[in-house]
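[1] Starting from these lines, generate the structure:
(one chain, ligands or ions: 1)
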Amino acid sequence: MTMEKQVPNVTFRTRARDESIPGPNPYRWEDKTTDDYFRGKRVVLFSLPGAFTPTCSTFQLPDFENHYAEFQKKGIDEIYCISVNDAFVMNAWGKAQGLKNVKLIPDGSGEFTRKMGMLVAKDNLGFGLRSWRYAAVINNGVVEKWFEEEGFADNCETDPYGVSSPQNILKWLKAPAVA
Ligand code: BEZ
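    Predicted coordinates for the structure are as follows:
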């Protein structure tokens, strides 16, 4: 028997732009829940070790961004990128990447990642606790398909990337019975 995996209920502390706030930094706190992101939608969630890190910034995030229309055609409503980074860092990363399609979720406390069972130590890099690299197709809050990089471990010396790439997820979306 396979158990349905439901994404955990947490509150994310985001920073939302608000033009009514004067000055050079017109942002306010806006709490978003798991329900806000996942309820009633079929989404791709991908999780990575850190904003601004090379593989994530050069390949994974831009590739998801550029393949967005293809995901939409396969019935995906949203693509979310989550990382154990606070909202200030995630917003700065989104701006630096010129994101229009992928939405960033700040899991600064690591609560979502921990409850997903994906929190690992990256003390070997001076990072502290971060996310193992994984992705999932999630339908109305329930994991439909799981894509986890091999070798889940604390202080891993390598950073495997392939299974959770947009290309691999699209391959499955196009031919779910084969992949
Ligand atoms: C990378 O995405 O390239 C990366 C991730 C974590 C640590 C170092 C590099």
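[2] Kindly check the end-to-end length of stretch 151-171 for me.
    22 Å (C-alpha to C-alpha, to the nearest Å).
[3] show me where this structure has strands.
    11-17, 27-33, 42-48, 78-83, 103-106, 119-121, 129-131, 134-139, 142-148 (DSSP state E).
[4] For the protein, which residues are neighbours of the ligand?
    49-50, 53-56, 125, 159 (C-beta under 6 Å from any ligand atom). Just so you know, the C-beta spots here come from the backbone N, C-alpha and C atoms, and that holds for glycine as well.
[5] follow-up on the earlier one: mind putting the strands of the chain into a markdown table with mean neighbour count?
    Listed next are those as a markdown table, based on neighbours: other C-beta atoms under 10 Å:
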| stretch | mean neighbour count |
| --- | --- |
| strand 11-17 | 16 |
| strand 27-33 | 12 |
| strand 42-48 | 23 |
| strand 78-83 | 23 |
| strand 103-106 | 19 |
| strand 119-121 | 17 |
| strand 129-131 | 21 |
| strand 134-139 | 22 |
| strand 142-148 | 16 |
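[6] closest to V89 out of those strands?
    strand 103-106 (7.3 Å; C-beta to C-beta).
[7] Report the distance from that closest one to the chain centre.
    7 Å (C-alpha atoms, centre = their mean, to the nearest Å).
[8] Identify the single longest helix in the chain, thanks.
    Counting by DSSP state H, the longest helix found in the chain is helix 87-97.
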